[in-house]
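Q: Quick one: sequence plus predicted model below, questions after.
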Amino acid sequence: MTAVPLRRAPVVLFAALLVATGAAFFVTQRLKRSTPIVQRVFFYQYLSPNGDGRKDEVTLRFDLPKAQHVTVSLVNAEGEEVRTLADDRYMHQGTRRFGWNGRDDSGAVVPDGVYRLRVGLRSEGRSVTAPRELFVDTKPPKPRIVAVTPPAIIPGANGALGRARIRFDGPTHVPPEVGIWRTDQGKVREVAAFTGKRGRHSALWDGLVGGQPAPAGSYAVSVTLEDTAGNRGSAPAVLPPLHAFAVPNGGVTVSYFSLTGPLVPVKPGAIARFTVGPVGQRTRWRLAPWGRGGVIRSGSSSGSHLAVRVPAGAQSDVYSLFATSAGGRHAAWPLVVSNRGGAAPVLVVVPAMTWQGENPVDSNADGFPDTLDTGDSVPLARPFAHGKPPQSIADSVAALVFLGGIRANFDLTTDVALVAGHSPTLPGHRGVVFAGSERWITPQEAVALRRFVVSGGKVASFGQDAFRRRVLFAQGTLSRPKPPQASNIFGERTSEFSSPAAPMVTVGLDKLQLFAGTDGFFGSFTRFERSDQFGSGIELLAGAGRGQKPDFVAYRLGRGLVARTGSDQWAGGLASSSELRDITKRLWTLLSR
């Protein structure tokens, strides 16, 4: 090889660079003049391969300028191929279409994210990735109900009270779907549905069900929205709505006429004050003993407030204030009247906390009835559902009628007044009778009642399932109810059961002579509360029931006495059973001395 003189080397190198540059320029110009791989790439940009039938597949379109062998694939944001739609397949010139179901080459659904179409020509060693993005999104939207206002409506009324405004957050490029669900009749069911306006974050329910004003009751609201990928989400997240997942301020109460009054006793001659709702209106009313004839006062009023002066000669009893609106709707309230001030040997307590604790009324505007059994807080100042206080009031009334018939000397109060410290209180009484099922009891009342018994007091319960549940009471509200404990506050473990109608049978133990004069069988009951086990310090003194274990029990605790009738049907049977009356008279004598 002939050596290049050193002085000629720069000249040779420069010439080589010129040749290389020229070649590169030539190649670039050739590529610029070459036919593009594809033209007019188009597809809908959102895909939701979740199997719900909405946007589960997408059609990818592009124009092929000339017939050739083409490879078509989908790549993720990192440029990695996830699905090959065509592998070096010969295709004719024109618009080509490919469907993609959001799955990779192994058949698995690809992760949510951004994907692009890639088209390649293997023979030419060229490929292009389209800039248009395809979004795979399988996550449903999470709408939120902001508020339903007002919390109570009167369908057909003028103005804001006649309809419910529903405000919510979430995507609304697809018109929202609104559902109205009745929640206070057992199984939750949808009673009305309508479509809102596209782009709006509020909707109006006119209060109609089937073209007619909705019945009074509790209603939950649902809002279902759809995002751009076709995913649907609702608030509440589960439909039909569940009380456990109720949306705060996500419901409405339909109410036409209601009545709210005191749950503490009033004295004869005093004024009892009531609130008429949901708006003031003309009202006619009458005051009479609960469940019996004999109106002792009547009248009318207008507006939101109703004042009733109890006659000066009224006896201690539970009365009904029965009110009728100008539109012919009715509502009642149990009014306890007490004409004594704490001098009687026995204090009779009616379970107003149970009345309200079991009252299925929506108090927190979540669309579901609130009761202590469902774990909700319960304000005492609220009307009874559909204007009807619970039927269990009849048990308390039956006991009071019996006591009135034997001219018993007693003071009368409610458990609400007792825990609030209103007179009369436990001190100064020899015995306490709970005329009804004392299902809930405050911790302070539980301590005071047990201390009362241990120190020599006597307690009798004419209800069932009593003294086992704790609840807090403050500022007129019962809150944080606890599940029933295994044993009641006295240390007795009980269980409930039902059976065909049958009498109780004495179990051979009657140290108190409560069953004297009976033939060993008395009453007829279908519901029972059995005594399963006694805690330490309890001595059984009398028992009767339906099996080997007693339902009716009387036992000593400390220096005092506890007696349970074993069935909430006991008081109701006093009017028809002479044996029940005789046993109750003996029990009353025991409590009084």
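A: Noted; the coordinates are in hand.

Q: Okay, buried residues for stretch 239-253 please.
A: Pro241, His243, Ala246, Val247, Asn249, Gly250, Gly251, Val252, Thr253 (16 or more other Cβ atoms under 10 Å). To be clear about C-beta, it is placed using only N, CA and C from the backbone, and glycine gets the same treatment.

Q: For burial, what's the neighbour tally of the residue nearest to Glu57 when sequence neighbours are not counted?
A: Using Cβ to Cβ, 6 or more residues apart in numbering and skipping the chain neighbours, the partner closest in space to Glu57 is Asn101 (4.9 Å). If you count neighbours by other Cβ atoms under 10 Å, Asn101 ends up with 14.

Q: Now do His305: how many residues are near it, please.
A: There are 12 residues near His305, going by other Cβ under 10 Å.

Q: dump the residue contacts of it.
A: Under the criterion of Cβ atoms under 8 Å, 6 or more residues apart in numbering, the neighbours of His305 are Arg273, Phe274, Thr275, Val276, Gly280.

Q: So what's the predicted local confidence for it?
A: For His305, the model assigns a pLDDT of 95.

Q: For Ala420, see how far away it is.
A: 22 Å (Cβ to Cβ, to the nearest Å).

Q: In PyMOL, select just the buried ones from the contacts of His305.
A: Restricted to buried positions by 16+ other Cβ under 10 Å, the PyMOL selection for the contacts of His305 reads:
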select buried, resi 274+275+276
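
Q: Which one of the contacts of His305 is nearest to Gly210?
A: Of all the contacts of His305, Val276 has the smallest distance to Gly210: 28.6 Å, by Cβ to Cβ.

Q: what helices or strands is the helix or strand where that closest one lies leaning on?
A: For Val276, the host element (DSSP states H and E) is strand 271-277. Packing partners of strand 271-277 (3 or more Cβ pairs under 8 Å, 6 or more residues apart in numbering; DSSP states H and E): strand 258-260, strand 305-309, strand 317-325.

Q: try it again with 7 Å
A: strand 258-260, strand 305-309 (3 or more Cβ pairs under 7 Å, 6 or more residues apart in numbering; DSSP states H and E).

Q: how about the strands in the stretch 251-400 of the chain?
A: With strands called from DSSP state E, counting those that start in this stretch, the stretch 251-400 of the chain shows them at 251-254, 258-260, 271-277, 283-289, 297-301, 305-309, 317-325, 330-337, 346-350, 378-379.

Q: wouldn't Gly342 be in contact with Ser423 here?
A: Yes. Assessed by Cβ atoms under 7 Å, Gly342 is found in contact with Ser423 at 5.6 Å.

Q: Next one: the closest residue to Tyr256 other than its chain neighbours from Pro369, what distance?
A: Among residues not flanking Tyr256 along the chain, Arg329 sits closest, at 5.3 Å (Cβ to Cβ, 6+ apart). Between Arg329 and Pro369 the distance, using Cβ to Cβ, works out to 19 Å.

Q: quick one, which of these two is more surrounded?
A: More crowded of Arg329 and Pro369, by other Cβ under 10 Å: Pro369, with 21 against 17.

Q: mind pulling up the phi and psi values for that one?
A: phi -60, psi 140 (degrees, to the nearest 10).

Q: List the beta-bridge partners for Ala563.
A: Ala460, Ala554 (DSSP bridges).

Q: swap that for Gly217, please
A: Beta-bridge partners of Gly217, as defined by DSSP bridges: Val254.

Q: and it, what does it touch?
A: Contact partners of Gly217, counting by Cβ atoms under 7 Å, 6 or more residues apart in numbering, are Arg182, Asp184, Val254.

Q: ok, now with 8 Å
A: By Cβ under 8 Å, 6+ apart, the contact set of Gly217 is Arg182, Thr183, Asp184, Gln185, Thr253, Val254, Ala385, His386.

Q: hmm, which of those residues are the buried ones?
A: Here, 16+ other Cβ under 10 Å leaves Arg182, Thr183, Asp184, Thr253, Val254, Ala385, His386 buried among the contacts of Gly217.

Q: what about Val350, how many neighbours?
A: 29.

Q: how near is it to Leu259?
A: 19 Å.

Q: give me phi/psi at the closest residue to Lys55 other than its chain neighbours?
A: Leaving out its chain neighbours, the residue that sits closest to Lys55 by Cβ to Cβ, 6+ apart is Gly230, at 3.5 Å. The phi/psi pair for Gly230 (degrees, to the nearest 10) reads phi 90, psi 0.

Q: can you pull the contacts of Gly230?
A: Gly230 neighbours (Cβ under 8 Å, 6+ apart): Tyr46, Ser48, Asp52, Arg54, Lys55, Asp56.
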